[in-house]
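[1] quick one: sequence and predicted model below, then my questions.
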Amino acid sequence: MARILLSLTDNTLAERVAKALDGGRHEQVTLTPEEFRLEDIPEAAKALADTLPDVVIMDYHPEDAASVKLMQTVSDLAILDHHPAFIFIEAPGQEAAREEVLMVLNEGAQAFLPADFQPAALSNYIERAIMGPGRLRARDSHNTDEAIHRLEEALGQARARSLGFQKVIGHLLATPTAAQNRKVLVVSDSSYQREMLRKILEDYNFQVLTASAPPDGLNVALSENPRIIVSDLELEGGSGLEFCQSVKFTHKITPCHFVICTANQTRFAKVMTPGNGVDDCLLKPSGTHDTQEFIARVAMGLLL
């Protein structure tokens, strides 16, 4: 069980966060903004640090980089090398500049979310935070085996991917206004796969279109101009490679990030042969780890 400190000024926003955290999995502690003054950063930091939180969810204060200064000071005051993860949430009606968001993330924040954040995104950030190195304290010792397993999994993911890149991608996914076009076209002749990928993508705020065969997929691509296309390698009446070449070279639909999904990793090299036009090749997701990898790689299309 993790200890989560909440400090949010807007009551509606506070209720949304509390609802997203509902379930009793973690201990929640509330500290009202009136209980600390950001004009006195050391005292405000001490008030937060005294609760020994694993995760701090609080308002973002842009004035004089107050939020960043508070986060850094709390880390300096942390006991036994325990550094709480910070998740900042913008006030309703406010939107920080992209450069400001990147600065906050680069300074060490776990996440920077808009007021209309997706609950799944917040839950995902919290789980990543409590699995991170140095976050588990002695009070979790009765779950040692589970904690070690989760920590090893988190370290493996960190080795596989850049943490900074994950945070930037995470911000894009959590912020509805961060990309003008979130359309993803999923092409598969399996109704089960189409619906599985639809659910995964919609949980991360993508607008999902589907097609069961290349001709239908091409019609949708021409009419909707999706930013990203995710296609099976083997399709009824054709292949994902042929479909990609039609999209990229014959009809020249741009911008388009084309991802091929396959259950056979030995086919990656052939799929990614220069000249095919494929931007990425992934294993079909089958679990939580695979899903996170899938979302992060598909989301690269938002950076086009």
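    Now that the structure is in, tell me what you want to look at.

[2] CA atoms only for the helix or strand hosting residue 15, dumped as PDB, please.
    Using DSSP states H and E, residue 15 falls within helix 11-20. Taking C-alpha atoms only, helix 11-20 is exported to PDB below (Å, rounded to 0.1, in the frame of the first residue of the first chain):
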ATOM      1  CA  ASN A  11     -13.200  21.000  -5.300                       C
ATOM      2  CA  THR A  12     -14.500  19.500  -8.600                       C
ATOM      3  CA  LEU A  13     -11.000  18.500  -9.600                       C
ATOM      4  CA  ALA A  14     -10.300  17.100  -6.100                       C
ATOM      5  CA  GLU A  15     -13.400  14.900  -6.400                       C
ATOM      6  CA  ARG A  16     -12.400  13.600  -9.800                       C
ATOM      7  CA  VAL A  17      -9.000  12.600  -8.500                       C
ATOM      8  CA  ALA A  18     -10.500  11.000  -5.400                       C
ATOM      9  CA  LYS A  19     -12.900   9.100  -7.600                       C
ATOM     10  CA  ALA A  20     -10.000   7.900  -9.900                       C
END
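
[3] just checking: what are the partner strands of whichever helix or strand comes after it?
    Tracing the chain C-terminally past helix 11-20 and defining elements by DSSP H and E, one meets strand 27-30 next. Take DSSP bridges as the rule and strand 27-30 pairs in its sheet with strand 3-7 (parallel).

[4] could you list the low-pLDDT ranges of the stretch 51-200 of the chain?
    76-82, 131-180 (pLDDT under 70).

[5] how about a cut-off of 50?
    79-80, 133-162, 177-179 (pLDDT under 50).

[6] who's in contact with the closest residue to residue 88 other than its chain neighbours?
    Of all residues not flanking residue 88 in the chain, residue 60 sits nearest, at 4.0 Å (C-beta to C-beta, 6 or more residues apart in numbering). Where you see a C-beta, it was placed from the backbone N, CA and C, and this is true even at glycine. Residues in contact with residue 60 (C-beta atoms under 8 Å, 6 or more residues apart in numbering) are 67, 88-91, 94, 96, 104, 112.

[7] list phi and psi for residue 60.
    As for residue 60, its main-chain torsions (degrees, to the nearest 10) stand at phi -90, psi 130.

[8] strands along the stretch 151-300 of the chain, start to end?
    183-187, 207-211, 228-232, 234-235, 238-239, 257-262, 280-283 (DSSP state E, counting those that start in this stretch).

[9] how far off centre is the fourth one?
    It refers to strand 234-235. From the chain centre to the centre of strand 234-235 is a distance of 29 Å (C-alpha atoms, centre = their mean, to the nearest Å).

[10] ok, stretch 224-243 next?
    So, by C-alpha atoms, centre = their mean, the centroid of stretch 224-243 is 25 Å from its chain's centroid.

[11] gap between residue 224 and residue 207?
    Residue 224 sits 9 Å away from residue 207, going by C-beta to C-beta, to the nearest Å.
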